[in-house]
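**Student:** Sequence first, predicted coordinates after that:
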Amino acid sequence: MRPIIGITTYVMPASWGVWRDLPTTLVPHDYAAAVTLAGGRAVLLPPDDLDADVLRVLDGLLLSGGPDISPELYGEQPGPHTAVQPERDAGELTLLQAALDLDLPVLGVCRGMQLLVAAHGGTLHQHLPDVLGHERHRVAPAVYSEHEAVFTPGSRIAGLMGADVTINCFHHQGVADPGKLTVTGRAEDGLPEAVEDPDRRFLLGVQWHPEVSRDKRLFGALVAAAARS
């Protein structure tokens, strides 16, 4: 049986066929396709903070991208550019905390990396242009910007990425303090682009969007770790 990877999802208004602006549980198909191509079985997880019992049937957890996490998770109030979904935060934290207790393989993408950081006592910059003085991490709506990252030799992410260190970004927030996690990748401007916990079986967060290219290096590593669960 293929390893089962749970993917967290949005609840957003969506339109299709005769339906308009219907509240919908969704996630870009790239996430599920990337898991499938890597040999896993994707299962979508709507926001739900009642319990984490679903982890009993999962072999790995993928925290997908999306809206900003609530700054209250790291002791701050929302700034003028911050848009949150508290119900999603609550559901994903319930899953993540239980997954950490089980040492379940976890991959966090963009927002997912930021949630990992907050769950490990870290903090975020709420609006990068205010800190960095540029908008190269989110150049325009629905446009990914490309950068070359620098990875820590010997780290998990360095081993996975190899010689191809080009990443694609779309985010306006970023890691200020990684908390208990280790920063193992940075952009040219020094912004953290990857975090991990080397003491765990598989706990990796990336600020970019590997699902867009269906990157088998990262998703294959998640599925491989999940196969050993």
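**Tutor:** It's in. These numbers come from a predicted model, not from an experiment.
**Student:** Asp48 contacts Arg88, doesn't it?
**Tutor:** No - between Asp48 and Arg88 there is no contact under C-beta atoms under 8 Å: 10.0 Å. No exception for glycine: its C-beta is placed from N, CA and C like everyone else's.
**Student:** Counting neighbours, go ahead and name the busier of these two.
**Tutor:** Arg88 (24 against 17; other C-beta atoms under 10 Å).
**Student:** Not counting sequence-adjacent ones, nearest residue to that one?
**Tutor:** Pro47 (4.6 Å; C-beta to C-beta, 6 or more residues apart in numbering).
**Student:** Now do the same for the one you found: helix, strand or coil?
**Tutor:** coil (DSSP: H, G, I helix; E, B strand; the rest coil).
**Student:** Which helix or strand lies directly C-terminal to the helix or strand hosting Val131?
**Tutor:** Under the criterion of DSSP states H and E, Val131 resides in helix 128-132. Using DSSP H and E, the helix or strand that follows helix 128-132 towards the C-terminus is strand 145-148.
**Student:** That following strand: partners in the sheet, and parallel or antiparallel?
**Tutor:** When pairs are called by DSSP bridges, strand 145-148 turns out to pair with strand 166-169 (antiparallel).
**Student:** so how far is the strand it pairs with off the chain centroid?
**Tutor:** 14 Å (C-alpha atoms, centre = their mean, to the nearest Å).
**Student:** could you point out which element follows it?
**Tutor:** strand 174-177.
**Student:** tell me what the helix or strand following that next one is packed against?
**Tutor:** Per DSSP H and E, the first helix or strand lying C-terminal to strand 174-177 is strand 182-186. Packing partners of strand 182-186 (3 or more C-beta pairs under 8 Å, 6 or more residues apart in numbering; DSSP states H and E): strand 150-151, helix 156-161, strand 192-196.
**Student:** hmm, which helix or strand of this protein has the shakiest average pLDDT?
**Tutor:** None of the helices or strands of the chain scores lower by mean pLDDT, DSSP states H and E than helix 128-132, at a mean of 86.
**Student:** residues making contact with it?
**Tutor:** With contact meaning C-beta atoms under 8 Å, 6 or more residues apart in numbering, helix 128-132 is reached by His125, Glu135, His137, Arg138, His171, His172, Gln173, Gly174, Asp189, Leu191.
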